[in-house]
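Trainee: okay, predicted coordinates and the sequence, questions at the end:
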Amino acid sequence: MEDDVKVDETPEKDVAPIFSFIDILKISSNVGEYRKWLKEYHKIEDDSQIFDGYKFFIDVCVRGFINSIIYGTSLDLEEDFTFFRARFVGVELEDIPNTCEKTIFIKNVWNLTKTIRKANGWEEITEAVKGADKLFFVFDVIFERAISSTRELNKKDALKISTIFNTHIFLNDTNRGVPHVYLLTPILKSSASEEYLEKVYVGYVYTLQYLWFVLLEKDNFEKSSLKDLHKAHDVYSKEAKEQIESQAGIPVSEEEIKKEFVTERKVKIREHECEIELVKELSDEDIKKLEAEKERLSKLKNWFALDMFFGKINEEIIEPLESRVGTISVFNPLLKSSDKINKSLISEFLRSDGLKDPKYLEATNDKNLIKKKLDYLFLWYVVNVLDAQKLTIFNGVPAFISTLIGNVELSRIFGNGEKVFVLRFKHPVTGVPGCDYSYGILNQAFGSFGFTDYSGWLIFFDCATDYSHGQAEVFIEKFLEEGKIEIKEYVVVKRRFKEYLAEKSTASVFGEIKHMTPDGVYTELSISEIQRKVEDFTGNAKGKFFEYLFYNWLAEKKHVRCKNIRCDYYLNKEEIDVLAEAEDKVYIFECKVNLHIEKIDEIKKQIENKVKAANQQFSKERIIPYLVVFSQIQNVHREKFEDAGIHVCSPFENKIKNWRKKDSRDAIFRILGSKFSLEMKT
């Protein structure tokens with residue numbers, strides 16, 4: 001940035017989630033102390049019925065730690081586009097190739113804790129948890145050398161408070177019938193059926209209570225409602241039943257509606273003046289579905305009851321803590337990494353030897369593995385096919401060359417340094433030497449406002465042979481030497497490839513409609529043009545919606561202590577999405593639903609201009625610029641902003657996933673088009 005732009009040039013990386021889950025795991029994995037507490041505090045002599053739930057609790061916390069690694073940047077783990085796409089789509093961990101540090105680190109941690117998940121009985125799990133000691137040791141060293149507190153607290157106290165905060169958010173929130181953090185790692189296989197969750201509830205709640213007992217210490221624990229946490233299923237049985245009926249969609253009777261809206265509110269309805277169907281009559285099929293859903297949710301009743309403690313914990317513990325140490329949030333973390341963390345400290349977890357790559361990377365004739373291999377090569381994007389079949393010329397190699405040159409040139413124009421992805425498919429020809437060829441190019445395509453990603457592969461199917469692909473290869477070699485493209489090759493039987501494309505292709509024909517105007521003239525309406533205009537409108541609406549959403553979230557949650565928060569605020573002709581004034585600093589928030597590579601330089605420039613405008617208005621305050629992105633962005637793009645002194649909050653969707661307002665939260669995900677589901681897959 002230019003010299004006259006005052007910003008906080010060292011954006012802090014929040015490390016609290018990572019070290020909070022390490023702290024939680026260290027406390028809860030002390031099997032001996034936990035069983036001693038069960039015996040002495042609860043007088044439980046036979047703890048065999050608690051074991052499965054205890055093991056589930058440890059599994060949940062390991063997932064929480066991995067989730068903090070997936071979305072965190074504090075360890076500076078390399079994250080490539082393959083992992084980014086796999087994480088976004090929700091590809092299972094075992095099907096993600098070992099192509100970057102983040103994948104390797106996560107797989108090593110997951111494998112390290114495998115014996116815990118496989119343990120049968122207290123004796124086995126006591127030995128199994130010892131395997132996690134090497135993980136604890138590594139992060140103890142990092143904590144000692146590279147982590148500091150952001151407040152007037154020693155860092156051990158800051159860690160304890162962070163652990164309390166994250167225990168509340170991620171482990172006590174069970175309003176979806178399962179611990180909240182369990183749903184945040186779709187790359188990890190889930191075994192949490194309703195029957196399983198019903199079975200493990202008791203052990204989970206006792207382990208969670210033990211964690212609170214240790215964190216709060218006995219005197220404070222016994223003064224809180226948490227002393228009755230293990231009785232949640234009895235204390236809040238009625239409320240849990242009501243929540244089940246609400247989630248199942250069981251309608252109330254017309255009489256109840258009239259009582260609520262007519263009797264209590266004294267609204268007079270004269271039926272001869274208006275006919276209102278207050279309750280839609282349900283079909284037999286509807287009733288069956290409701291009853292089935294109610295039966296399913298009933299198995300989760302205890303978890304809904306446990307969730308009722310969330311508000312009490314917030315009132316009795318979290319709010320008093322924040323009044324003492326200040327607001328705890330992504331914008332005000334309690335812990336930060338003071339220096340760039342030395343990766344040699346985690347080198348053992350960055351070793352790929354001993355890690356298995358997905359089976360589909362091996363040579364195989366298995367149809368399902370070939371399908372997975374193609375999914376990986378296409379980076380789990382959609383495909384669209386140009387079927388040349390060597391019957392026409394223009395949509396074969398010439399079309400491929402033109403598209404390739406166009407993509408390379410677009411990359412140059414935008415100056416983003418991104419390589420164009422190219423695929424070469426060789427199809428062996430039976431009975432003769434040589435192959436037929438297909439090519440693929442990843443076309444980056446976004447809505448006009450950059451809010452939606454329509455990228456996908458254009459496939460030039462069966463467009464050349466060993467004797468006719470020379471011109472295509474000339475350009476491929478040229479751009480490879482110039483470092484402008486990245487190419488992968490795969491040998492696949494043409495029939496298998498065609499079957500895959502037939503299943504995956506989104507190709508369509510003739511995107512036009514003939515329409516007669518009122519004066520009798522026929523005009524052609526382009527479906528793609530209509531779609532583009534709709535996308536432009538919805539994109540603009542989504543962007544404005546997200547600005548107001550963030551403004552309201554910031555004001556409600558009080559994540560920054562400010563005397564004034566404004567939305568759509570103009571400073572010297574610059575429009576600030578959200579501006580928050582504190583005592584000695586001013587926060588500027590630039591809100592984006594998505595971030596696309598061709599917009600990075602433009603957005604950086606916009607933020608710099610807004611900082612300049614803010615400096616003119618607030619000459620004595622420190623200006624702190626933030627880029628807030630709803631979806632996840634790649635680390636390499638995050639760093640471009642952080643290197644310029646711009647803080648980055650991404651993915652903001654995680655903050656909404658943690659929001660307790662279920663109806664509002666679900667509506668937000670529908671409006672902003674997130675692919676994430678907060679409902680449990682069964």
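Mentor: Nice, I can see it.
Trainee: strands of the stretch 501-650 of the chain, residue ranges please.
Mentor: 512-516, 522-526, 564-571, 574-581, 585-592, 622-629, 647-649 (DSSP state E, counting those that start in this stretch).
Trainee: show me what the fifth one is in contact with.
Mentor: Right, strand 585-592. The contact list for strand 585-592 (Cβ atoms under 8 Å, 6 or more residues apart in numbering) reads 331, 450-451, 543, 546-547, 550, 554, 560, 562, 576-581, 603, 606-607, 610-611, 614, 618, 621-630. C-beta coordinates here come from the backbone N, C-alpha and C atoms, glycine included.
Trainee: likewise for the shortest one?
Mentor: For strand 647-649, the external contacting residues (Cβ under 8 Å, 6+ apart) are 8, 11-12, 330-331, 624-629, 633, 638, 641-642.
Trainee: so who does the residue lying closest to residue 359 once chain neighbours are set aside touch?
Mentor: Residue nearest to residue 359 in three dimensions, not counting chain neighbours: residue 369, with 5.9 Å by Cβ to Cβ, 6 or more residues apart in numbering. With contact set as Cβ under 8 Å, 6+ apart, residue 369 has these partners: 359, 360, 362.
Trainee: and of the residues you listed, the nearest to residue 495?
Mentor: residue 360 (18.1 Å; Cβ to Cβ).
Trainee: checking that closest one next. Helix, strand or coil?
Mentor: helix (DSSP: H, G, I helix; E, B strand; the rest coil).
Trainee: tell me which stretches of the stretch 351-500 of the chain form strands.
Mentor: 382-387, 420-428, 435-443, 456-465, 485-491.
Trainee: show me how far the second one is from its chain's centre.
Mentor: In terms of Cα atoms, centre = their mean, to the nearest Å, the gap separating the centre of strand 420-428 from the centre of its chain is 31 Å.
Trainee: neighbouring contacts of stretch 144-160?
Mentor: 12, 15-16, 19-20, 23, 143, 161, 215, 325-326, 332-339, 341-342, 345.
Trainee: so how far is residue 432 from residue 653?
Mentor: 53 Å (Cβ to Cβ, to the nearest Å).
Trainee: my guess is residue 570 contacts residue 576, does it?
Mentor: Yes - with contact defined as Cβ atoms under 8 Å, residue 570 counts as touching residue 576 (7.3 Å).
Trainee: who has more neighbours, those two?
Mentor: Between residue 570 and residue 576, counting by other Cβ atoms under 10 Å, residue 576 is the more crowded of the two (25 against 11).
Trainee: OK, contacts around the more buried one?
Mentor: 566, 568, 569, 570, 588, 589, 610, 613, 614.
Trainee: show me the contacts for the second one.
Mentor: When you say that, I think you mean residue 568. 547, 575, 576, 577.
Trainee: please pick the buried ones from these.
Mentor: 547, 576, 577 (16 or more other Cβ atoms under 10 Å).
Trainee: what's the lowest-pLDDT member of these?
Mentor: Within the set of the buried ones among the contacts of residue 568, pLDDT is lowest for residue 547 (82).
Trainee: mind listing what that one touches?
Mentor: 567, 568, 577, 578, 591.
Trainee: may I ask which helix or strand encompasses the residue lying closest to residue 234 once chain neighbours are set aside?
Mentor: Excluding its sequence neighbours, the residue lying closest to residue 234 (Cβ to Cβ, 6+ apart) is residue 305, at 8.0 Å. Using DSSP states H and E, the element containing residue 305 is helix 301-307.
Trainee: give me the buried positions along that helix.
Mentor: 301, 302, 303, 304, 305, 306, 307.
Trainee: how about stretch 26-46?
Mentor: 26, 27, 28, 29, 30, 31, 34, 35, 37, 38.
Trainee: you'd agree residue 437 is up against residue 465?
Mentor: Yes - Residue 437 lies in contact with residue 465 (Cβ under 8 Å); the separation is 6.7 Å.
Trainee: looking at those two, which one has more neighbours?
Mentor: residue 437 (23 against 15).
Trainee: which residues does the more buried one bridge with?
Mentor: residue 426, residue 464 (DSSP bridges).
Trainee: and if you look at the one 5 residues further on?
Mentor: Beta-bridge pairing of residue 442, defined through DSSP bridges, involves residue 457.
Trainee: can you report how many residues neighbour it?
Mentor: 20.
Trainee: picking that back up, and of the buried residues of helix 301-307, the nearest to residue 76?
Mentor: residue 307 (36.1 Å).
Trainee: show the model's pLDDT score for the closest one.
Mentor: 94.
Trainee: and what of residue 192?
Mentor: Predicted confidence (pLDDT) for residue 192: 84.
Trainee: and what of residue 177?
Mentor: We have a pLDDT of 92 for residue 177.
Trainee: rewinding a little: which of the contacts of strand 647-649 tops the neighbour count?
Mentor: Among the contacts of strand 647-649, residue 625 has the most neighbours (other Cβ under 10 Å), with 27 neighbours.
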